[in-house]
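K.L.:
Quick one, what's the 3D model for this:
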Amino acid sequence: MPDLRGRLIDIGAARRLHAVLAGPAASPDPLVILEAGAFGFSADWAAVQDALAAAGFRSLAYDRAGLGRSDPGPSPRDGLNVVQDVEALLAALGEAGPLILCGHSMAGLHVRLFATRNPARIVGLVLVDAATPEATDSGLMSTAVDQFGHLAQAFAWGAGTGLFKPLAGMLGNPIGLEGSGADEKRWAFGDAGHNQAAAEEVKHWSQAARQAREAGELNADWPVAVVTAGGPDGANPMKGFQIAPAQASRAGAVEHLAGASHATMLNATYAPAIVRGVQHVRDQARTVKI
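P.N.:
Below you'll find the model as predicted:
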């Protein structure tokens, strides 16, 4: 197991979450909360946290319950339980806000639910190739989510048998991280507990989407920056769903990363685009009374 980055935070109920805080402690800007996608955890954001720190932002990445170094959490591992853990983590850290929420992939559902539950704390959102409840409702995405759920269970079974540990060096770092972040990704790729917890989250993807949808729409006054992998053409049928939150915002912005994949957009090459999204949200929020 790699050396621990960050620290373990007691959130009550005899549970701890692993959290990595980065950036200047005296930053006047909102804290950026980084939510990883399916099978992801704090290490996914290592390059982005470095880039945010260099731009003067504080950021918080963490491992959801059962993932990475965090203790398991109560079932089901749906959006509501995830968001309640984030609320407990922020309370334990004494971080009341203001907050910029940044979610990758499946975490688009989590940040939407958190925002609608905590509107007074939110400055805006950055959605990184992110899922939306509306996309999950579509026939194409609904089928894909079901298929991904079956694959996730199979992957968790394989990790439980130790099948993937010999492959971690070759396949365990799809983002293309360097240093300690890469070490953590390779370790998690073969870890049974991490993969079983991740598969349990994927199993409840549709429920998380329903919870996010039923919690309500995003405030149109919140600035929303969307960063997507691939060009702006119609090759990805989900593009329309991904950019819709920015289009619905009175201060929306969209950036397409033509050379990036869903995973590599989190590496050092593309991290500046996510920083630009955060800067857009911060700058636009200064001009809007929310």
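
K.L.:
can you pull out the strands in the stretch 151-290 of the chain?
P.N.:
Assigned strands in the stretch 151-290 of the chain, in chain order: 224-229, 252-257 (criterion: DSSP state E, counting those that start in this stretch).

K.L.:
If you could redo that for the stretch 1-150 of the chain, that was the one I meant.
P.N.:
7-12, 15-22, 31-35, 59-62, 99-104, 122-128.

K.L.:
name the helices or strands packed onto the helix or strand of the chain with the lowest mean pLDDT?
P.N.:
Using mean pLDDT, DSSP states H and E, helix 139-160 stands out as the lowest-scoring helix or strand of the chain, at a mean of 82. In terms of contacts (3 or more Cβ pairs under 8 Å, 6 or more residues apart in numbering; DSSP states H and E), helix 139-160 is packed against helix 133-137, helix 192-203, helix 205-214. To be clear about C-beta, it is placed using only N, CA and C from the backbone, and glycine gets the same treatment.

K.L.:
what angle do it and helix 205-214 make?
P.N.:
Angle, helix 139-160 to helix 205-214, by axes from the mean of the first three to the mean of the last three Cα atoms, to 10 degrees: 130 degrees.

K.L.:
what's in contact with helix 139-160?
P.N.:
Contact with helix 139-160 is made by 38-39, 131, 135-136, 164, 189-192, 194-196, 198-199, 202-203, 205-206, 237-238, 241, as judged by Cβ atoms under 8 Å, 6 or more residues apart in numbering.

K.L.:
Can you say which of these are buried?
P.N.:
38-39, 131, 135-136, 164, 189-192, 194-196, 198-199, 202-203, 205-206, 238, 241 (16 or more other Cβ atoms under 10 Å).

K.L.:
picking up where we left off before, possible to save the strands of the stretch 1-150 of the chain as JSON lines with distance to Gln147 and mean pLDDT?
P.N.:
Shown next, in JSON lines, are those (distance: least, Cβ to Cβ, whole Å; pLDDT from 0 to 100):
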{"stretch": "strand 7-12", "distance to Gln147": "33", "mean pLDDT": "97"}
{"stretch": "strand 15-22", "distance to Gln147": "30", "mean pLDDT": "98"}
{"stretch": "strand 31-35", "distance to Gln147": "23", "mean pLDDT": "98"}
{"stretch": "strand 59-62", "distance to Gln147": "28", "mean pLDDT": "98"}
{"stretch": "strand 99-104", "distance to Gln147": "20", "mean pLDDT": "98"}
{"stretch": "strand 122-128", "distance to Gln147": "22", "mean pLDDT": "98"}
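
K.L.:
Mean neighbour count and distance to Ala144 for the ones you listed - can I get that in TSV?
P.N.:
TSV is the format used below for these (neighbours: other Cβ atoms under 10 Å; distance: least, Cβ to Cβ, whole Å):
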stretch	mean neighbour count	distance to Ala144
strand 7-12	15	33
strand 15-22	21	29
strand 31-35	27	20
strand 59-62	26	26
strand 99-104	27	17
strand 122-128	29	18
